[in-house]
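K.L.:
sequence and predicted structure, then a few things I'm wondering about:
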Amino acid sequence: MTISANHTAPDTARNTGPDNALTEAVKKFGITVEDYMLPARHQIQMVDPEGRLKPEGEQGTQPGHEYPVPGDKELLEAYEQLVVGRRVNDQNSALVRQGRMAVYPSSHGQEACQVAAALCLGDGDWMFPTYRDAVAVMTRGVDPVQVMTIFRGDWHGGYDPLQYKVGIQSTPLTTQLLHAVGVAHAAKLRGEDTVVLAMCGDGATSEGDFHEALNFAAVFHLPVIFFVQNNKYAISVPLAHQSAAPSLAHKAVGYGMAGERVDGNDVVALLAVLDRAVALCRDGSGPLLVEANTYRMQAHTNADDDTRYRESAEVAEWRAKDPVNRMRTYLTGRGILDDDGEARIRAKAEAVAAQLREGLGEDVPVDPQELFRHVFAVQTPQLKEQSAFLADELARDAASDSDSKEAGK
Ligand SMILES: Cc1ncc(C[n+]2csc(CCOP(=O)(O)OP(=O)(O)O)c2C)c(N)n1
Ligand SMILES: [Mg+2]
C-alpha cells in the first residue's frame, strides 16, 4: 500500500511538533526516542516458571521500560480465564476427534497471551484475532458456542463483530491487521479514544500486509497494539527460517513505533506490558508492537503431524514453562488463591466445556440454496439456473424418499 497525497497525516511529524504525544511521553521517561522504541535488552518476565515473583531488578525492565505488577483482582480474574481457556482448548480438541468440529487450531500453552489480550482492553476497544485466538475472543465476552461456530464448517463467523467489537477470526494471514488499522484510523478521525489490539503470529510477520499495516499505523500515529504471539512455528517452518531479526519486537523501530518483548507464558508480565500499551495508545502515543515469547504445545491443527518437524524434547522443555501451573503456584504462594477458589474456578471451566459439548453436539440445519445467496447483489443468470436445477433435484429426492417410505409401509 502506497500512502498517497490525499491521505495527509492528521497531526505533525513525529520529531518536529511540540504537541507530539510520543515525544512528550518519551521525555517523561527521560530516555531517547530510539531507546524508547527499541525493546528492553531482555524480555519482560515478572513471575518465573517456578511461580516465584522475580526481584524488580531481574524482571528485564530498564528506564522507560518499567512495569508495575497488576492488582490482585486483575490477576485472579486472569487465572480464572486461564483455567477456563485451557479446558476449552482441550474440550475442542476432543470435539474435533468426535467429528463435532471440522478443525481447531489450539492455543494450548498460549492461554496467557489469549487471556491478557482480552483483559487489557476496555469496553469500547476493538480486537482483531486470528484463527488461533478463540480463547481470547471468548475471554472478551463472546458466547463460547458462537466463537467455535466458524470451526465446524458453518458458513458464517458465528458472532456479530460490531456487537462485541471483535473482528472475525481471520484465516487469511495478516489481513486482520489492515482491518484493525482501518478501524483505528476511523476512530481517530472521529475523535474517539478507542484502542485496537491486532493479533498475529510469528509467521505472519513475513507477510506484506504486516509491513503495510505497521507502516500506515506509525505514519498516522494510530492507537493500535500489534500483538505478535511468537509460538516459534508457522506450521512446520521454525522461527529461524522466518526472520533474522534479533527479535520480532525489534521490527517496531524500523517503522517508528515502540516495541517490547515479554514472556508470553507469564500472564502477570503480559498484563503489565499490555495494560501500559493500552494506556499509551489511549494517550495518543501509539502504535506499539508487543512480542510475546511463547510456544505452540500441540500440532498446528488436527490436520498436522508435528513429530515430523520438531523434537519431543523441545516440547517437554516448554511444558515446564506452562502458563496455567505457573500462575496457580504464584497465586497460591501469595495466599490469593485457596482450595475453595480453585474448586469454584474448575467448576466454571467444566460448565463452559459442557456448554460447548451441548451447543456443538447439535447438527447445523443446512439449506443448500444458501450456496447461491449473498454472492452477488443481483444474481447472475447462471446462478439462477443452477439454483433452479438444485431446487428441482431436491424436490425429486424428497418425492422419491416419500415414495420409498410409502412402499415400505
Ligand atoms: C495469506 C495466507 N498464506 C498462507 C496461509 C496458510 N497458513 C495458514 S496458518 C500458516 C502459518 C502461520 O503461522 P503463524 O503466523 O506463526 O501463526 P500460528 O499458526 O503459529 O499461530 C500458514 C502459512 C494462509 N492461511 N493465509
Ligand atoms: Mg507461529
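P.N.:
Looks like it came in fine. Ligands and ions are numbered 1, 2, ... in the order given.

K.L.:
show me the contact partners of the host helix or strand of residue 145.
P.N.:
Taking DSSP states H and E as the criterion, residue 145 maps to helix 144-148. For helix 144-148, the surrounding residues in contact (CB atoms under 8 Å, 6 or more residues apart in numbering) are 88, 92, 101, 104, 134, 137-138, 158-159, 169, 352, 355-356, 359-360. Where you see a C-beta, it was placed from the backbone N, CA and C, and this is true even at glycine.

K.L.:
next step: those restricted to helices.
P.N.:
Among the contacts of helix 144-148, the residues falling in helices (DSSP state H) are 88, 92, 134, 137-138, 352, 355-356, 359-360.

K.L.:
can I see the domain layout of the chain?
P.N.:
21-361, 368-407 (automatic domain parsing).

K.L.:
of the ones in helices among the contacts of helix 144-148, closest to ligand 2?
P.N.:
If you rank the ones in helices among the contacts of helix 144-148 by distance to ligand 2 using CB to the ion, residue 134 comes first, at 15.4 Å.

K.L.:
could you report the distance from the residue nearest to the closest one when sequence neighbours are not counted to ligand 1?
P.N.:
Leaving aside its sequence neighbours, residue 134 sits nearest to residue 147 (CB to CB, 6 or more residues apart in numbering; 5.2 Å). Plainly put, residue 147 is 16 Å away from ligand 1 if you go by CB to the nearest ligand atom, to the nearest Å.

K.L.:
surely residue 218 meets residue 254?
P.N.:
No - judged on CB atoms under 8 Å, residue 218 makes no contact with residue 254 at a distance of 9.3 Å.

K.L.:
out of these two, which sits in the more crowded spot?
P.N.:
residue 218 (24 against 14; other CB atoms under 10 Å).

K.L.:
that one in helix, strand or coil?
P.N.:
helix (DSSP: H, G, I helix; E, B strand; the rest coil).

K.L.:
mind listing what the residue in the stretch 1-150 of the chain positioned nearest to ligand 2 touches?
P.N.:
Residue nearest to ligand 2 within the stretch 1-150 of the chain (CB to the ion): residue 132, separated by 8.0 Å. Listed by CB under 8 Å, 6+ apart, the contact set of residue 132 reads 105-107, 110, 201, 229.

K.L.:
filter the contacts of helix 144-148 down to the buried ones and hand me the PyMOL line.
P.N.:
Selection of buried members from the contacts of helix 144-148 for PyMOL, criterion 16 or more other CB atoms under 10 Å:
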select buried, resi 88+92+101+104+134+137+138+158+159+169+352+356+359+360
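
K.L.:
which of the contacts of helix 144-148 come close to ligand 1?
P.N.:
Checking the contacts of helix 144-148 against ligand 1 by CB under 6 Å from any ligand atom, not one of them is in range.

K.L.:
distance of the residue of the stretch 1-150 of the chain closest to ligand 2 from ligand 1?
P.N.:
4 Å.

K.L.:
before we move on, what about residue 166?
P.N.:
With CB to the nearest ligand atom as the criterion, residue 166 and ligand 1 are 17 Å apart.

K.L.:
ok, what's across the strand from that residue?
P.N.:
residue 127 (DSSP bridges).

K.L.:
from what I can see it touches residue 123, true?
P.N.:
No - if you go by CB under 8 Å, residue 166 and residue 123 don't touch, sitting 12.0 Å apart.

K.L.:
neighbour count for those two, which is higher?
P.N.:
Between residue 166 and residue 123, counted using other CB under 10 Å, the more crowded position is residue 166 (27 against 6).

K.L.:
quick one: that one from residue 54, how far?
P.N.:
Distance, residue 166 to residue 54, using CB to CB, to the nearest Å: 33 Å.
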